[in-house]
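Novice: from the sequence below, what's the structure:
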Amino acid sequence: MSPELDRFQYLLLMAGCIAITLPLELVLGARVYRRPLRLLRALLVTALVFSIWDVIAIGNGLWTYSALFTTGVELPFGLPLEELVFFLAIPLCGVLTYEAVGRVLRFVRLCLDRRRPPSSTRREADQDA
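Specialist: Next up is the predicted model:
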C-alpha cells in the first residue's frame, strides 16, 4: 500500500470486514439491518464499554496507536477515530455472523424434520424391532 494510504489502513480494514459480512444480510437473510433499534442498542453498549476501557488504557500509557496507520483524528479523551469505528464494526460483523448461522441452523433443522417420519410411525417402528 502506498504511504499516502497507509494512514487509512485501519479504517479500510473495518470497511473490508463490513463488506465481507454484508452478504450474510443480503443472501442469508440475517435480518440485522432490518431491526435498526435492536442493532443500535447492541452496538452502543459495546462501543461505550470498550471506549471507556480504551480511554483508561491510553490515559495510563498501557497502549498507543501507530500514527502511520491511523488518520490522526482523535475523539474526546484521546480516543482515535479508528477505535470507535472498530468498536462498532466488529460487533456488527459478529451480530451478522451470529444471526446468519442461526438462520442456517434453523433451515437445516427444518429440512431434517421434514425427512423424519411422524413420531407415531417411529414409535411403531421401534416396537416392531
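
Novice: list of residues touching the helix or strand containing residue 53?
Specialist: Taking DSSP states H and E as the definition, residue 53 sits inside helix 36-59. By C-beta atoms under 8 Å, 6 or more residues apart in numbering, the surrounding residues in contact with helix 36-59 are 32-33, 63-64, 77-79, 83-84, 87-88, 91-92, 95. Every C-beta, even on glycine, is put in place using the N, C-alpha and C of the backbone.

Novice: which strands or helices does the longest helix along the chain pack on?
Specialist: Assignment by DSSP state H gives helix 81-115 as the longest helix of the chain. Applying 3 or more C-beta pairs under 8 Å, 6 or more residues apart in numbering; DSSP states H and E, one finds that helix 81-115 contacts helix 9-26, helix 36-59.

Novice: nearest to residue 105, out of those helices?
Specialist: Closest to residue 105 of the helices and strands packed on helix 81-115 is helix 9-26 (C-beta to C-beta; 13.5 Å).

Novice: now that closest one: buried residues?
Specialist: 9, 10, 11, 14, 17, 21, 24, 25 (16 or more other C-beta atoms under 10 Å).

Novice: fine by me, we can end here.
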